[in-house]
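Enquirer: Turn this into a structure:
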Amino acid sequence: MHELILRTPAVQVAACRWGDTSARPVLALHGWLDNAASFQPLAAFLPDLQLVALDLPGHGRSGHYPAGMRYHFIDYLPAVLAAADDLGWERFSLLGHSLGAGIASFIAAAMPERIERLALIDGLGPAAEPEQDGPARLRKSLMAQRRLANKRVPVYANIQAAARARHEATGLQLTAAELLARRGCKAVDGGFSWRSDPRLMVPSPAYSSEAQVRAILGAIQAPSLFVRALDGLLIKRPHVTARCDCIEQLQVVDLPGGHHLHMENPQPVAEVLQDFFAFP
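Expert: Residues are numbered from 1 along each chain as shown. Alright, predicted model coming up:
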């Protein structure tokens, strides 16, 4: 694994690269509050790819947005494209998990000339909500922003304690949580805390409607793969089938596991990805 620092308009973005630089380029985008280490288990089974996993802005070892900026979903898109530019990649494939899958799908829709293939793990577009819920969401976001200054960042005795807290809060396997914690924590007075920007906990001030999301998904031209976890977040969501129908060249593969199946049981996921990315 090689560590990279990439330039984007607002912050420097850290990344991990696995594989030969002459191999097929795949840019990997992690989920909310995760980091590039979430793709480390997969990388071991994907030796034929040049896999570059970003720490999204505000996550892992990447910089935090300047004061006054929010972490709105749409604002990740130019950062990801700038990172690809700094890598010198004009055309590449995208691999996204959860939040990263939403970002990847919107980039593929908006910039089809740059995306060769699109692979999504337990995520298919961003969260949406009815338009009438907009005022309540806006208030919730503004109130959370105002309370943020009075919140203290938790400090843990060691990396393992931080990982246990993530495990207990989310159900993520402890070994996977430790992998994220080793990259995602820093030493502070009294122990360790997560590097992630506390502003990531502020709810978004605005969501797209379901109709808007489907319209954007319908613009995806690249051959696409959706790996759905049988015990994940989307398996019982009624809107998922309609979203799948929007993407013309979409292959759906259901695999055993929870939302982080690519970390907790990576080999079956990697086998599907290896086949998908093995195009002429």
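Enquirer: hey, let's count contacts and neighbours off CA atoms from now on
Expert: Fine.
Enquirer: could you pull out the strands for the stretch 101-250 of the chain?
Expert: Along the stretch 101-250 of the chain, counting by DSSP state E, counting those that start in this stretch, strands occupy 115-121, 185-188, 191-194, 224-229, 250-255.
Enquirer: Could you export the ones you listed as JSON lines, including mean pLDDT and distance to A157?
Expert: JSON lines is the format used below for the strands of the stretch 101-250 of the chain (pLDDT from 0 to 100; distance: least, C-alpha to C-alpha, whole Å):
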{"stretch": "strand 115-121", "mean pLDDT": "99", "distance to A157": "33"}
{"stretch": "strand 185-188", "mean pLDDT": "98", "distance to A157": "10"}
{"stretch": "strand 191-194", "mean pLDDT": "98", "distance to A157": "5"}
{"stretch": "strand 224-229", "mean pLDDT": "98", "distance to A157": "33"}
{"stretch": "strand 250-255", "mean pLDDT": "98", "distance to A157": "36"}
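Enquirer: so of these, which one's packed in deepest?
Expert: Greatest average neighbour count among these goes to strand 115-121 (a mean of 25), per mean count of other C-alpha atoms under 10 Å.
Enquirer: Among the strands of the stretch 101-250 of the chain, which comes closest to R147?
Expert: Closest approach to R147 among these (C-alpha to C-alpha): strand 191-194, 19.3 Å.
Enquirer: Report all helices and strands that the closest one contacts.
Expert: Contacts defined by 3 or more C-alpha pairs under 8 Å, 6 or more residues apart in numbering; DSSP states H and E place strand 191-194 against helix 159-170, strand 185-188.
Enquirer: sorry, back to before: export the strands of the stretch 101-250 of the chain to TSV and append columns for distance to H97.
Expert: Formatted as TSV, the strands of the stretch 101-250 of the chain follow (distance: least, C-alpha to C-alpha, whole Å):
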stretch	distance to H97
strand 115-121	5
strand 185-188	21
strand 191-194	20
strand 224-229	9
strand 250-255	14
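Enquirer: got the contact list for P112?
Expert: For P112, the contacting residues are I220, Q221, A222, by C-alpha atoms under 8 Å, 6 or more residues apart in numbering.
Enquirer: check contacts around the residue nearest to the first one when sequence neighbours are not counted.
Expert: In this case it means I220. The shortest distance from I220 to any non-neighbouring residue, by C-alpha to C-alpha, 6 or more residues apart in numbering, is to A109 (4.2 Å). Residues near A109 by C-alpha under 8 Å, 6+ apart: I216, L217, G218, A219, I220, Q221.
Enquirer: so which of those would you say is closest to G100?
Expert: The closest of the contacts of A109 to G100 turns out to be L217 (C-alpha to C-alpha; 14.6 Å).
Enquirer: got the buried residues for stretch 64-83?
Expert: By neighbour count, and taking 16 or more other C-alpha atoms under 10 Å as the criterion, the buried residues in stretch 64-83 are H64, Y65, R70, Y71, F73, Y76, L77, A79, V80, L81, A82, A83.
Enquirer: out of these, which are inside helices?
Expert: Counting by DSSP state H, the buried residues of stretch 64-83 place Y76, L77, A79, V80, L81, A82, A83 in helices.
Enquirer: residues making contact with the host helix or strand of S93?
Expert: Counting by DSSP states H and E, the element that carries S93 is strand 92-97. Strand 92-97 is contacted from outside by 24-31, 101-104, 114-123, using C-alpha under 8 Å, 6+ apart.
Enquirer: residues contacting H167?
Expert: Q173, L174, A177 are the contacts of H167 under C-alpha under 8 Å, 6+ apart.
Enquirer: end to end, how far does stretch 85-104 reach?
Expert: 15 Å (C-alpha to C-alpha, to the nearest Å).
Enquirer: Can you give me the buried ones in that stretch?
Expert: Buried, per 16+ other C-alpha under 10 Å, within stretch 85-104: 89, 91-104.
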